[in-house]
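Novice: I would like the atomic coordinates for the input below:
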Amino acid sequence: MGISDSDKDKVEADRKLVFQISSNNGKAWESFVERFTDWVLYKSKEWCMGHCQYSAGQYFCGLTHLSMQRKGKTMASTLPECDEGMDTYIWLFEQLKRRVQKYSGKNKCLLSTFVWTILNSRELYIDWLRWKYGRVF
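Specialist: Sure thing, here's the model as predicted:
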């Protein structure tokens with residue numbers, strides 16, 4: 001079974017995007033962030049939920065706020081907004097920006113597969129724990 005021209009075009013477009021990101025092209029980075037924000041939000045929420053130091057009702061989660069904004073919804077809250085989840089969201093994108101440089105499209109792997117693999121790697125999770133808590137992990 002061969003690789004279709006459409007798949008080859010997608011891989012080539014992904015390679016081009018990564019090259020532009022590595023060349024500090026702001027528009028390419030914005031495109032990458034827009035493309036993968038929902039995944040990074042999901043992973044940020046997943047990790048933060050298990051490590052949140054605030055009980056429900058004390059703070060409004062910044063990740064929830066961003067997620068709702070992306071869906072076109074707003075929620076007025078009198079609670080202060082917790083930024084810890086947003087710190088994780090930003091940290092994850094910083095890690096992706098650094099790690100995505102290794103993407104080559106080898107074996108016609110799409111960038112989305114590469115990013116999903118990074119986001120779900122044990123290595124990244126341990127790096128996050130070390131960033132959050134120090135070298136204890």
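Novice: Name the SS class of the residue most central in space within the chain, please.
Specialist: Against the mean C-alpha coordinate of the chain, by Cα atoms, centre = their mean, the closest residue is Val40 at 2.9 Å. What DSSP: H, G, I helix; E, B strand; the rest coil gives for Val40 is helix.
Novice: Look up the pLDDT of it for me, please.
Specialist: Among the per-residue scores, Val40 shows a pLDDT of 97.
Novice: With Leu63 instead?
Specialist: What the model reports for Leu63 is a pLDDT of 77.
Novice: Which residues are in contact with it?
Specialist: Contacts for Leu63 (Cβ atoms under 8 Å, 6 or more residues apart in numbering) come out as Leu41, Ser44, Lys45, Cys48, Gly85, Met86, Thr88, Tyr89. Glycine gets a C-beta too; all of them are placed from N, C-alpha and C.
Novice: Could you verify that the fourth one is part of a helix?
Specialist: Read that as Cys48. Yes: assigned with three-state DSSP, Cys48 falls within a helix.
Novice: What about it, how many residues nearby?
Specialist: Neighbourhood size, Cys48 [other Cβ atoms under 10 Å]: 22.
Novice: Same check on the second one?
Specialist: The burial metric for Ser44, expressed as a neighbour count using other Cβ under 10 Å, is 27.
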